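>>> the following comprises the amino acid sequence and a computationally predicted model.
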Amino acid sequence: MGAAFRASWTVAAASAALLVGACRQPIEAVGPSARGSQLAEADRDEIGRVGDRVLRVTRRTSVAPEGGDGPERLDLAWRTTDGTLEAITVAAPTTAAATWAGTLVVLDVRNVLSQHLASGQRLQLALEVFGELRTSDDGSLLAYVAVPGVAGDVHVLGPRGDVVVARNLGSAGLFRFSPSGRWLAFVGSRAGGVLGVWITHAQDDQDLRCVTNCTLRAGVDPIADQVDVPGDSRSLRVTEDAVDWSTASGRQIRVAIGDPR
């Protein structure tokens, strides 16, 4: 189930190499970006914190077929204040991890999302989960994608429970929360559509908006009509009034959110 979405999400996750989207809101090109995706490997491998312990990826192993795409397998460890690494043992190979609500959250190769408590207890949070995990700045919200059928839904776990904030997508990824946790931006598309930037309220399903490439069809509309997507999730930024991103080519784009409510 969900094969079409899973394949297209892989494309979304690799969107740094793609050019995509015509928008329905004014776009401001503010010139080349110095950020791009030139991130230190150490930053990439430090993926969360609980108290004074830092969650680190100690090894990444690619298991994708030659010439194909696929999630990496991650080895994880806690780094303590004295620099010691304490290896983390989980039941199945890990493809994504995060720290949420003061705990470790792991996505494994069986597409099971689980929460690992300090007591050693493991709680199953969701099934049929694919792609990345992203937490808000304060660690209280966690975004993920579940694929219950042939399309995917974006979920946010938080104080209000497990809320579906976007439904029936053909692809979704590169999540980013605003500093307050009010907004969630991501790269995605409807089935057959072109990848673009989307934004939604992070704790309800009342204000999902397509920002770029909203009406374009993959393989139908010319590439010249498309707006580049972010080069990676760290180059996508969202504040309370705007979303901006750096493309893989170094161009920086900014779009005002506005709020009709």
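Structure received.
>>> would you mind listing the buried residues in stretch 215-228?
By neighbour count on 16 or more other CB atoms under 10 Å, the buried set for stretch 215-228 is 216, 218, 221, 226-228. Placement of C-beta: from N, CA and C, glycine included.
>>> scratch that, stretch 180-198
For stretch 180-198, using 16+ other CB under 10 Å, the buried residues are 181-190, 193-198.
>>> what's the closest of the residues you listed to residue 81?
Nearest to residue 81 among the buried residues of stretch 180-198: residue 181, at 27.6 Å, using CB to CB.
>>> that closest one touches residue 137, doesn't it?
Yes. Contact status for residue 181 versus residue 137: in contact at 7.2 Å, counting by CB atoms under 8 Å.
>>> tell me where the model's unsure across the protein.
For the chain, residues meeting the criterion pLDDT under 70 lie at 1-43, 64-69, 259-261.
>>> from residue 52, how far off is the residue of the chain most remote from its centre?
Most distant from the centre of the chain: residue 82, at 31.1 Å, with distances by CA atoms, centre = their mean. Per CB to CB, to the nearest Å, residue 82 is found 10 Å from residue 52.
>>> residue 148 too?
38 Å.
>>> the buried residues of stretch 180-198 in strands, which ones?
Within these, residues falling in strands by DSSP state E are 183-189, 196-198.
>>> among those, which pair sits farthest apart?
183 and 189 (19.2 Å).
>>> specify the beta-bridge partners of residue 54.
Residues in a beta bridge with residue 54, per DSSP bridges, are residue 49, residue 79.
>>> change the start of the numbering to 43 and stick with it
That works, and once the first residue is 43, the last one we named lands at residue 96.
>>> any chance of the ones in strands among the buried residues of stretch 222-240 in TSV, with distance to residue 143 too?
Supplementary listing: those in TSV, determined by distance: CB to CB, whole Å:
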residue	distance to residue 143
225	20
226	17
227	22
228	21
229	25
230	25
231	30
238	31
239	27
240	25
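>>> out of those residues, flag the one nearest to residue 204.
Distances from residue 204 to these, taken by CB to CB, are shortest for residue 226, at 14.0 Å.
>>> once you drop chain neighbours, what's closest to residue 204?
Using CB to CB, 6 or more residues apart in numbering and skipping the chain neighbours, the partner closest in space to residue 204 is residue 197 (5.7 Å).
>>> how about the host helix or strand of residue 98: buried residues?
If you go by DSSP states H and E, residue 98 is part of strand 95-104. Across strand 95-104, burial judged by 16+ other CB under 10 Å covers 95-99.
>>> backbone phi and psi for the nearest residue to residue 140 once chain neighbours are set aside, please?
The shortest distance from residue 140 to any non-neighbouring residue, by CB to CB, 6+ apart, is to residue 175 (4.1 Å). Dihedral angles of residue 175 (phi, psi; degrees, to the nearest 10) stand at phi -120, psi 140.
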